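# Sequence below, structure please.
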Amino acid sequence: MILPPSMSYSTAPAKLIVIIGITGNQGSSVASTFLSDPRWKIRGLTRNPDSAASKALSEKGVQMVVADLHDPVSLKDVFNGANLIFSVTDFWTPYLDPVNQAKATEQGKSIGRFAYELEREQGRNIADAVARVVEGLDEVGFVASTLSHAGKCSKGKYKELWHFDAKADVFPGYVEEKYPELARKSSWLQTGYFFSSWRILDCWLGRMPDGSRQMRFPTSPSTIVPHLDARKDTGPFVKALLLLPAGKTVMAASEWCTWPDWIKTWGEVVGVPDCSYKQVTVGDLDKWYPGGIGKEIGEMYEYSNDPGYDGGEPEVLRTADLKKMGIEVRATSLRDYVRSEDWSGVLAAC
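Here you go, the predicted model:
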C-alpha cells in the first residue's frame, strides 16, 4: 500500500488483521510480519488465552480473543472491524488425537476421513463467519492457507488424500459456491513441504545399519518440490498476495529442490558425508507407519510426481512468477534453515 504524501505511518489509522491459528507455525509467522508494520494492528484467535504463546503475543500488543473453530457461536463477532483475515485450519491435531481415532472406529470410518470432516467443518465455520463482515474487508481481505484438490487434480486417482481435499473443498470450493462476494475478495496461499517435518517421521533422516543416513519417499528423485520455513516465511508470502489482485493463488515456498538435494544439503551442513535418497512405494510407508498415516503421507509424496504438489494447476504462482512481477519475497534458504536447527538429537539417535 502506498500512502499519500500527506500521511505517514504514525498518523494513518491502523488497519486490523485477524489471524486464525496465531500461535501455530503459519499464524505466528503472519503475526511476526504484521507486528513489524505500524500500518496494522492485530487480533489473534486462540482456544487458550492463558498459554505461554498467547501471553507472549498479548505482551507485544496483539489483542487475543478466545474462539473455537468447531463452535460457530464463538466466531460470531471475532471478525468485526477486520480489514484482512488470515485463515488456517488443522488436520493433523484431530488426526493424531486418540479420542478421535476411537470415535472414527466407532463410526466405521478411517481416521483420515474423520479428520477430513473435522477440518472441513473448521473451514466452513470460518467462511460462514467471515462472510458476515465481507463489506468491511479490503480488496484482498481474506487469505486462506490451503492446498490443491488431489481428487480433482489427479482425475480421481487420489480419492483419499484427506489433508489436501479437506482444505481445497472449502478454500476455494465452499467459498466460491456459497459466498461469491467473499470469493471476490479472497486469495489463496498453498504451502509447500514444511522444513520442520523431519520431526515427525524417521524416513526423513533415517539411520541405516551401516551408520549412513537415507531419506525414503515415494517421490521421484528428479521431481522438484516446494519447501517452506512456515514459522518464518508464511507472513512474507501473505504480504505478497496483498500486492496482487484478489483471486490469485500463490505457492509459499522458501526453496524449490529435489529430495536428493534436500538430504545432500543437510549432510553438508551437519557434517554427515554419507547421505542418500531412495524412492520407495506408498505400500512401504503404509507398512512402516500403519494405521493410515503411512498411506496418507505416502500418497502425498507420490502425488508430487504427477500431477504435482500444486496439482499441476498453471494458475498457481510460484516464487519465480512473483519475481517477474517485481515482487521479491525474502525467504529462508534450506541451508540457512538447517544451520538454525539443533540436530544433536537426530545425530545421536541409533
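# So what's the residue count around residue 338?
Neighbours of residue 338 under the rule other Cβ atoms under 10 Å: 18. Yep, even glycine has a C-beta here, placed from its N, CA and C like the rest.
# Spit out the contact partners of it.
265-266, 269-270 (Cβ atoms under 8 Å, 6 or more residues apart in numbering).
# gap between it and residue 19?
Distance, residue 338 to residue 19, by Cβ to Cβ, to the nearest Å: 28 Å.
# close enough to count as contact, residue 257 and residue 334?
Yes. Using Cβ atoms under 8 Å, residue 257 makes contact with residue 334 at a distance of 6.6 Å.
# what sits in contact with each of these two?
Counting by Cβ under 8 Å, 6+ apart, the residues touching both residue 257 and residue 334 are 227, 265.
# Of those two, which one has the most company?
residue 334 (19 against 16).
# Could you measure from the more buried one over to residue 153?
In terms of Cβ to Cβ, residue 334 sits 26 Å off from residue 153.
# give me the low-pLDDT residue ranges for the stretch 251-350 of the chain?
In the predicted model of the stretch 251-350 of the chain, residues 350 satisfy pLDDT under 70.
# how does it look with 50?
By pLDDT under 50, the stretch 251-350 of the chain contains no weakly predicted segment.
# quick one, helices of it?
259-270, 282-288, 293-303, 319-324, 334-340, 344-348 (DSSP state H, counting those that start in this stretch).
# Determine which of the ones you listed approaches residue 185 most closely.
Proximity to residue 185 (Cβ to Cβ) singles out helix 319-324 among the helices of the stretch 251-350 of the chain, at 20.3 Å.
# end-to-end on stretch 298-308?
Terminal residues of stretch 298-308 lie 14 Å apart, using Cα to Cα, to the nearest Å.
# repeat for stretch 187-207
Using Cα to Cα, first and last residues of stretch 187-207 are 41 Å apart.
# buried set for that stretch?
187-195, 198, 201, 203-205 (16 or more other Cβ atoms under 10 Å).
# Tell me the one among these nearest to residue 281.
residue 203 (12.0 Å).
# before we move on, which element is the closest one in?
Per DSSP states H and E, residue 203 falls between elements, in no helix or strand.
# Is residue 121 in contact with residue 70, as I believe?
Yes. Assessed by Cβ under 8 Å, residue 121 is found in contact with residue 70 at 6.2 Å.
# the more surrounded of the two?
Using other Cβ under 10 Å as the criterion, residue 121 and residue 70 rank with residue 121 on top: 17 against 12.
# Distance-wise, check that one relative to residue 221.
Taken as Cβ to Cβ, the span from residue 121 to residue 221 is 38 Å.
# biggest helix in this structure, by residue count?
Ranked by residue count under DSSP state H, the longest helix found in the chain is helix 111-131.
# Only C-alpha atoms, please: export that one in PDB.
Output in PDB follows, covering the C-alpha atoms of helix 111-131 (Å, rounded to 0.1, in the frame of the first residue of the first chain):
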ATOM      1  CA  ILE A 111      -9.300 -41.700  10.900                       C
ATOM      2  CA  GLY A 112      -8.300 -39.900   7.700                       C
ATOM      3  CA  ARG A 113     -12.000 -39.500   6.700                       C
ATOM      4  CA  PHE A 114     -12.900 -38.500  10.300                       C
ATOM      5  CA  ALA A 115     -10.200 -35.800  10.400                       C
ATOM      6  CA  TYR A 116     -11.200 -34.600   6.900                       C
ATOM      7  CA  GLU A 117     -14.700 -34.000   8.200                       C
ATOM      8  CA  LEU A 118     -13.400 -32.100  11.200                       C
ATOM      9  CA  GLU A 119     -11.100 -29.900   9.200                       C
ATOM     10  CA  ARG A 120     -13.800 -29.200   6.600                       C
ATOM     11  CA  GLU A 121     -16.100 -28.200   9.500                       C
ATOM     12  CA  GLN A 122     -13.500 -25.700  10.700                       C
ATOM     13  CA  GLY A 123     -13.200 -24.200   7.300                       C
ATOM     14  CA  ARG A 124     -16.900 -23.900   6.700                       C
ATOM     15  CA  ASN A 125     -17.400 -22.300  10.100                       C
ATOM     16  CA  ILE A 126     -14.600 -19.800   9.300                       C
ATOM     17  CA  ALA A 127     -16.100 -19.000   5.900                       C
ATOM     18  CA  ASP A 128     -19.600 -18.500   7.300                       C
ATOM     19  CA  ALA A 129     -18.300 -16.100   9.900                       C
ATOM     20  CA  VAL A 130     -16.100 -14.100   7.600                       C
ATOM     21  CA  ALA A 131     -18.900 -13.800   5.100                       C
END
